[in-house]
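> how would this look folded up:
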Amino acid sequence: MSYTNVFIIADTEANLKELSCGASTLGSKFSTVIFDEQLQSVAASYGPEKIYHFQAPESGIIEDNARVIADMVQAASPEMVLLSNTTRGRLLAGKIGAYLDTCVIAGVTELTEEGTKRMVYGGAAFRTQKATAQTAVVTCNAGVFEVSEGQASGDAAVEAGSAASDVKIKKIETQPKEGVSSNIAIAKKVVDMGRGFKEEKDVEMCRELASLLGAELGCSRPVAENNGWLPKSVYIGVTGIILKPEMIVSLCISGQVQHMVGINQAKKIIAINKDERAPIFASCDLGLVGDVYQILPMLIEKLK
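Reported below is the predicted structural model:
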């Protein structure tokens with residue numbers, strides 16, 4: 001099946017770039033839905049057929065537009081609606097899918113003309129699915145598509161969407177999360193912090209290594225969810241971020257399958273772990289058995 005008409009819905013610049021590249025990869029004409037006027041020039045640079053701009057009221061939330069977006073999608077009848085697999089993306093996808101009475105495929109790790117692939121059983125297996133509905137709504141994990149800068153002339157037609165009027169929830173304020181990296185999903189280099197570290201202050205040692213390497217800092221699920229040392233938005237694995245970097249340095253990562261699905265598409269995996277039987281050594285390109293508290297300070301000093 002070839003997709004001749006795709007809609008993408010993006011609420012951030014990073015999501016917009018990746019979804020635009022994805023739609024272009026499918027060889028289709030596509031249209032873009034944005035909610036911020038400042039994203040208009042970025043959207044146009046990827047050559048969409050049309051840009052729909054929904055400007056929510058200051059007290060409104062993006063999800064309020066699900067009904068009017070669904071009506072617009074129904075009128076255009078694309079084969080696929082693409083969103084990022086974020087909290088907002090999944091919420092919008094579910095609402096749009098319900099309004100259209102169509103299928104929603106969430107958490108896709110691979111998307112081609114033949115169908116979609118997503119992880120099941122905690123990352124132990126993959127399921128390949130092909131939508132049979134006239135319009136499928138799909139959310140894609142970060143890192144599914146390679147990102148490049150748009151090269152189009154930027155002369156796409158822009159149409160203002162009608163914001164929802166029957167909203168029952170008002171936004172009072174927005175508070176940005178502290179210490180959140182917005183670049184990890186598309187980073188070329190990543191330092192991956194595991195649960196083998198003993199104290200929260202060790203985060204700074206990992207962050208220093210990442211800075212010296214020009215890398216982003218990510219972590220395993222326990223570091224974010226159990227310890228709370230890093231935000232949940234940067235944990236890597238089956239229910240977190242799926243990465244495709246040039247290089248990833250894994251520190252104190254044992255190599256359980258739920259985490260490895262998030263890093264095994266890296267071009268080079270470098271692992272440091274004191275347990276010589278750690279599963280990660282069967283998957284890495286370069287492995288070093290040793291105490292990270294001895295190795296990391298020496299590595300940082302050498303890089304300086």
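
> Heading C-terminal from the longest strand along the chain, find the next helix or strand.
The longest strand of the chain (DSSP state E) is strand 104-112. Later in the chain than strand 104-112, the nearest helix or strand by DSSP states H and E is strand 115-120.

> What is the subsequent helix or strand relative to that next one?
strand 125-129.

> Partner strands of that following strand and their direction?
With DSSP bridges as the test, strand 125-129 is paired with strand 115-120 (antiparallel).

> And the contacts of the strand it pairs with?
1, 105-111, 125-131, 138, 238, 261 (Cβ atoms under 8 Å, 6 or more residues apart in numbering). (Glycine included, C-beta is placed from N, CA and C.)

> Among the residues you listed, the buried ones, what's the ChimeraX command?
Selection command for ChimeraX covering only the buried members of the contacts of strand 115-120, criterion 16 or more other Cβ atoms under 10 Å:
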select :105,106,107,108,109,110,111,131,138,238,261
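
> coming back round to it: from the chain's centroid, how far away is the longest strand of the chain?
Centre-to-centre, strand 104-112 and its host chain are 12 Å apart (Cα atoms, centre = their mean, to the nearest Å).

> Just list what it packs against, helices and strands only.
Applying 3 or more Cβ pairs under 8 Å, 6 or more residues apart in numbering; DSSP states H and E, one finds that strand 104-112 contacts helix 87-100, strand 115-120, strand 136-140.

> Just the pLDDT for residue 241.
Confidence at residue 241, expressed as pLDDT, is 82.

> Show me what it is bridged to.
Going by DSSP bridges, residue 241 forms beta bridges with residue 236.

> For the longest strand of the chain, which strands pair with it and how are they oriented?
Going by DSSP bridges, the partners of strand 104-112 are strand 115-120 (antiparallel), strand 136-140 (parallel).

> Kindly reformat those strands as JSON lines and extend each row with mean pLDDT.
JSON lines is the format used below for the strands paired with strand 104-112 (pLDDT from 0 to 100):
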{"stretch": "strand 115-120", "mean pLDDT": "82"}
{"stretch": "strand 136-140", "mean pLDDT": "94"}
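
> Deepest-packed of the helices and strands packed on strand 104-112, please.
For the helices and strands packed on strand 104-112, the largest average neighbour count (mean count of other Cβ atoms under 10 Å) is found in strand 136-140, namely a mean of 25.

> who wins for proximity to residue 274 among the helices and strands packed on strand 104-112?
Closest approach to residue 274 among the helices and strands packed on strand 104-112 is made by strand 115-120 (29.1 Å; Cβ to Cβ).

> what's the spacing between that closest one and its chain's center?
Worked out by Cα atoms, centre = their mean, strand 115-120 lies 15 Å from the chain centre.

> now swap in stretch 223-238 and tell me
Mean-position distance between stretch 223-238 and its chain equals 15 Å (Cα atoms, centre = their mean).

> what does stretch 279-287 give?
That offset, for stretch 279-287, works out to 25 Å (Cα atoms, centre = their mean).

> C-alpha coordinates for that stretch, CSV please?
Taking Å, rounded to 0.1, in the frame of the first residue of the first chain, the C-alpha atoms of stretch 279-287 are listed here in CSV:
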residue,chain,number,x,y,z
PRO,A,279,23.7,-9.1,29.0
ILE,A,280,24.7,-5.8,27.5
PHE,A,281,28.1,-7.1,26.7
ALA,A,282,26.5,-9.5,24.2
SER,A,283,25.1,-6.5,22.3
CYS,A,284,27.7,-3.7,22.6
ASP,A,285,30.4,-2.8,20.1
LEU,A,286,32.9,-2.0,22.8
GLY,A,287,32.6,-3.2,26.4
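
> how about that stretch: buried residues?
For stretch 279-287, burial by neighbour count (16+ other Cβ under 10 Å) applies to 279-281, 283-284, 287.

> Just to be sure, which of the residues you listed are found in strands?
Per DSSP E, those map to strands at residue 287.

> In a markdown table: the buried residues of stretch 279-287, plus distance to residue 24.
Formatted as a markdown table, the buried residues of stretch 279-287 follow (distance: Cβ to Cβ, whole Å):
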| residue | distance to residue 24 |
| --- | --- |
| 279 | 37 |
| 280 | 35 |
| 281 | 38 |
| 283 | 31 |
| 284 | 33 |
| 287 | 37 |
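
> roughly how far apart are residue 270 and residue 64?
46 Å (Cβ to Cβ, to the nearest Å).

> Have a look at those two and say which one is more surrounded.
residue 64 (21 against 17; other Cβ atoms under 10 Å).

> which residues does residue 48 contact?
Residues in contact with residue 48 (Cβ under 8 Å, 6+ apart) are 8, 20, 23, 30-32, 156.

> Break down the stretch 101-250 of the chain into its helices, ranges please.
202-213, 221 (DSSP state H, counting those that start in this stretch).
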